[in-house]
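Asks: I'd like to go over a predicted model; first the sequence, then the structure.
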Amino acid sequence: MKLSREKILRLSHLILDHLNKDEEIEYYADPQEIRQEIVTMISNEMKTDEAIDALVRRKIESQKRTIQEGSDEWDVLYRKYYEEEVGRHRKVMP
């Protein structure tokens, strides 16, 4: 799913508002800097997701026989390959 710049900005404001309401969270940077970092993180995740989607689609297209997009088989392969690629590209930080 692709998000518009406006939606990403709206999400960043919502996240920052949530951080401001949580009394257990303290930050010392300028709120605008924090919001911009949130925007950057969301944008980077979206780019990674698009790259993974492209890789998965190429894998499915490279099958010996044609698999129709939207078919049950295509959906199963997409989910399988997607999870594999996510495991390779998105390392969860401790």
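Replies: All right, it came through fine. This one's a predicted model, so the numbers in the text were calculated from it and none came from an experiment. Numbers count the residues shown, from 1 in each chain.

Asks: Let me know the secondary structure of I67.
Replies: The three-state assignment at I67 reads coil, by DSSP: H, G, I helix; E, B strand; the rest coil.

Asks: for A51, same thing?
Replies: Applying three-state DSSP: A51 is helix.

Asks: so who does it touch?
Replies: Taking CB atoms under 8 Å, 6 or more residues apart in numbering, we find A51 in contact with H89. Any C-beta I mention is one placed from the backbone N, CA and C, and that applies to glycine too.

Asks: Look up how far Q68 lies from it.
Replies: According to CB to CB, to the nearest Å, A51 stands 24 Å off from Q68.

Asks: next one: D75
Replies: 10 Å.

Asks: neighbour count winner among the two?
Replies: D75 (12 against 8; other CB atoms under 10 Å).

Asks: list the contacts for R35?
Replies: 12-13, 15-16.

Asks: if you set the cut-off to 10 Å instead, what comes out?
Replies: The neighbours of R35, taking CB atoms under 10 Å, 6 or more residues apart in numbering as the test, are 9, 12-13, 15-17, 19, 29.

Asks: ChimeraX command to pick out the buried ones of the residues you listed?
Replies: A single ChimeraX command selects the buried members of these (16 or more other CB atoms under 10 Å):
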select :9,12,15,16
